[in-house]
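Visitor: just a sequence and a predicted model for now, questions to come.
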Amino acid sequence: MEYRRESLHIHLDAIGGIAGDMFVAAMLDAFPEFTEEVTRAVAATGMLPMPKVVCSAHNDGVLSGSRFEVSLPDESTHGGPPEHSHHHVHWAAIKRDLAHCALPAPIKARAIDIFQLLAEAEAGVHGTSVEAVTFHEVGAWDSIADIVAAACLIERIGASTWSVGSLPLGRGRVATAHGELPVPAPATTLLLEGYDFHDDGVEGERVTPTGAAILRHLSTATNAGGRGRLARSGYGFGTSRLRGRSNVLRAMCFETEQSAGTTRDMIGMLTFDIDDQTPEDLSVGLEHLRDFPGVVDVTHATVVGKRGRATARIQVLTLPERQDAVAQECFSQTTTIGIRLQRVERIVLRREELEADDVRVKVVQRPHGVTAKADVADVALDKSGHATRAARRKAAETAAITESRNDP
C-alpha cells in the first residue's frame with residue numbers, strides 16, 4: 001500500500017520492549033520494500049566484512065512477524081575477526097569510520113547521531129568526557145549493523161512524526177563489561193528520562209541502550225497513540241523469550257489528516273519561572289539563549305507567583321534533539337532550579353525567505369492566499385517612516401511574484 005511521507009505518523013508499541021534489532025525488524029515487517037537497501041547500507045559501512053543480512057519471518061506461537069539478523073563469514077576462513085568484532089571500541093574510532101564510509105550523507109548523519117547519543121549517555125554515567133568513551137556491548141559488530149540499518153530505515157521511510165507508548169520497566173540484572181548492572185541499564189535510564197514506564201512484572205532487560213538511543217533520536221512523543229488511517233503495521237521480534245508475553249515491538253503506521261500547504265513535526269518545549277533574577281540580568285541571559293544552537297524561539301511573560309511576587313515565565317522552543325543541551329544552557333543563563341520538559345506536535349505553514357534589495361522577506365503560504373513580511377531588523381527607519389513604506393512595498397511585490405509563480 002502506498003503512503004505519503006509528509007503525513008505519516010508511526011506509533012511504537014513496546015509489547016516486549018525495544019532493542020535495535022527489534023526496531024529494524026518491525027520497520028522491515030511494515031516496509032519490506034526497503035530490505036535490499038538496508039542490506040546495501042550495512043555493507044556500505046566497510047566496517048563489517050561480507051555481512052549477511054537476513055530479515056526472516058518469525059512466529060513465537062502467539063504472534064507472527066519478522067526477525068532481523070546479521071552474521072559474518074566464519075573467521076577462520078577470512079583472516080581473523082573484523083576490527084569491530086570485539087567488545088571494546090572507542091567512540092572516536094566508530095565516528096571516524098562512519099564519517100568516511102560510503103553511506104549516503106543523510107543516513108550517515110543519523111547513524112552518527114544515534115551513536116553520539118549513546119556516547120553522551122555513557123559519558124554521563126561514568127563521569128568521563130564523550131571523546132574518551134569506549135563502547136563495550138554497543139561497540140560489537142551486531143550493534144553497529146542494527147544502528148546503521150535503523151538509520152537507513154528512518155531516513156528512507158521518512159515519517160514526519162513518531163510516538164511511543166509506555167515502556168516496560170523490566171526487572172533483575174543485566175551482565176555487562178562493567179559487571180552486573182540493574183535493569184534498565186544506567187545509560188538506558190539516562191537516555192529515557194521523561195518517558196513513561198510501567199512494571200508488567202516480567203523479568204529481564206526490556207529496553208536496551210541501542211533501543212533507547214533510537215527513541216531519543218526520533219524525538220518520540222510519549223503516549224501520543226495513533227491517529228488517522230492505519231496504512232501499515234509491523235511486528236519485530238527480539239532474540240530472547242519472555243515468560244507469558246511475546247518479545248515483540250509493534251509499529252503502527254498512520255496517515256494523518258493534513259491540510260494543503262502544512263507540515264507536522266515535533267518540537268521541544270521548556271518552561272520555567274524566575275522570581276529572583278534582576279530584569280537586566282535576565283534580559284541578557286535570554287538573548288544568549290536565543291543565540292544558542294537548537295533554540296527556535298524564546299518568549300517571556302509576567303505572571304503572579306508565590307507570595308504575590310511578580311514572576312517571569314519563560315518558554316523556550318527547541319529542536320527536539322537539542323532539548324537536553326538547551327536545558328543545561330537555561331540553568332547557566334538564568335537562576336531557575338527546575339525546568340518542565342515537553343515534546344509537542346505542531347502544524348507549520350509552508351514558508352520561504354526571499355531577499356529584495358538587502359531586505360529579507362518571509363513569504364508564507366496561507367489557506368486563503370500568500371502573505372509577505374519584511375524583516376524589521378533589515379529595515380532602517382527614519383522619522384517620516386519612508387523606509388517602512390518601502391519595505392512594505394517590496395514585501396507586497398515579492399508576494400505577488402511568489403503567488404504568480406505558484407499559479408497553475
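Guide: Cool, got the structure. Numbers count the residues shown, from 1 in each chain.
Visitor: what about E131, how many neighbours?
Guide: 11 (other Cβ atoms under 10 Å). From N, CA and C alone the C-beta is placed, and that goes for glycine too.
Visitor: which pLDDT value belongs to it?
Guide: Per-residue pLDDT puts E131 at 80.
Visitor: that one should be in a strand, yeah?
Guide: No. E131: not assigned to a strand; according to DSSP: H, G, I helix; E, B strand; the rest coil it is helix.
Visitor: that one and L117, how far apart?
Guide: 15 Å (Cβ to Cβ, to the nearest Å).
Visitor: K373 too?
Guide: Taking Cβ to Cβ, one finds K373 at 37 Å from L117.
Visitor: the more surrounded of these two?
Guide: L117 (22 against 15).
Visitor: residues in contact with that one?
Guide: Shown in contact with L117 (Cβ atoms under 8 Å, 6 or more residues apart in numbering): 191, 213, 216-217.
Visitor: just send the residues you listed back as a markdown table, with distance to V326, pLDDT and secondary structure too.
Guide: Output for the contacts of L117, formatted as a markdown table (distance: Cβ to Cβ, whole Å; pLDDT from 0 to 100; DSSP: H, G, I helix; E, B strand; the rest coil):
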| residue | distance to V326 | pLDDT | secondary structure |
| --- | --- | --- | --- |
| L191 | 17 | 92 | helix |
| A213 | 19 | 94 | helix |
| R216 | 15 | 92 | helix |
| H217 | 17 | 93 | helix |
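Visitor: just the buried residues from those residues, in PyMOL please.
Guide: Selection of buried members from these for PyMOL, criterion 16 or more other Cβ atoms under 10 Å:
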select buried, resi 191+213+216+217
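Visitor: so which of the contacts of L117 is the closest to L282?
Guide: Nearest to L282 among these, counting by Cβ to Cβ, is R216 at 30.3 Å.
Visitor: re the thing from before, and which of the contacts of L117 is nearest G20?
Guide: Of all those, A213 has the smallest distance to G20: 8.4 Å, by Cβ to Cβ.
Visitor: next, the contact list for that closest one, please.
Guide: 114-115, 117-118, 121, 147, 191 are the contacts of A213 under Cβ under 8 Å, 6+ apart.
Visitor: where do the helices sit along the stretch 201-350 of the chain?
Guide: Ranges of helices in the stretch 201-350 of the chain, per DSSP state H, counting those that start in this stretch, are 209-218, 279-290, 323-333.
Visitor: kindly compare burial across the ones you listed and name the winner.
Guide: Mean neighbour count (mean count of other Cβ atoms under 10 Å) peaks for helix 209-218 among these, with a mean of 26.
Visitor: the domain parsing of this protein - what is it?
Guide: With domains defined by automatic domain parsing, the chain comprises 5-255, 266-348, 351-406.
Visitor: tell me if I'm right that L28 and F68 touch.
Guide: Yes. Using Cβ atoms under 8 Å, L28 is in contact with F68, at 6.5 Å.
Visitor: just for the protein, where's the confidence low?
Guide: Applying pLDDT under 70 to the chain picks out residues 1-6, 74-88, 136-140, 176-179, 223-226, 257-262, 377, 379-408.
Visitor: go with 50
Guide: Applying pLDDT under 50 to the chain picks out residues 75-86, 138-139, 382-383, 405, 408.
Visitor: so what's the residue count around I337?
Guide: The local packing of I337 (other Cβ under 10 Å) involves 9 other residues.
Visitor: contacts only, for it.
Guide: I337 touches F331, counting by Cβ under 8 Å, 6+ apart.
Visitor: mind redoing it with 10 Å?
Guide: Taking Cβ atoms under 10 Å, 6 or more residues apart in numbering, we find I337 in contact with 272, 274, 276, 331.
Visitor: so in terms of bridging, what pairs with L167?
Guide: Counting by DSSP bridges, L167 is bridged to F197.
Visitor: does it touch A19 like I think?
Guide: No. Using Cβ atoms under 10 Å, L167 is not in contact with A19, being 12.0 Å away.
Visitor: shared neighbours, the two?
Guide: 206-207, 211-212.
Visitor: closest one of those to A41?
Guide: The closest of these, once distances to A41 are taken by Cβ to Cβ, is G211, at 18.9 Å.
Visitor: now that closest one. Nearest residue, chain neighbours left out?
Guide: Excluding its sequence neighbours, the residue lying closest to G211 (Cβ to Cβ, 6 or more residues apart in numbering) is I18, at 3.7 Å.
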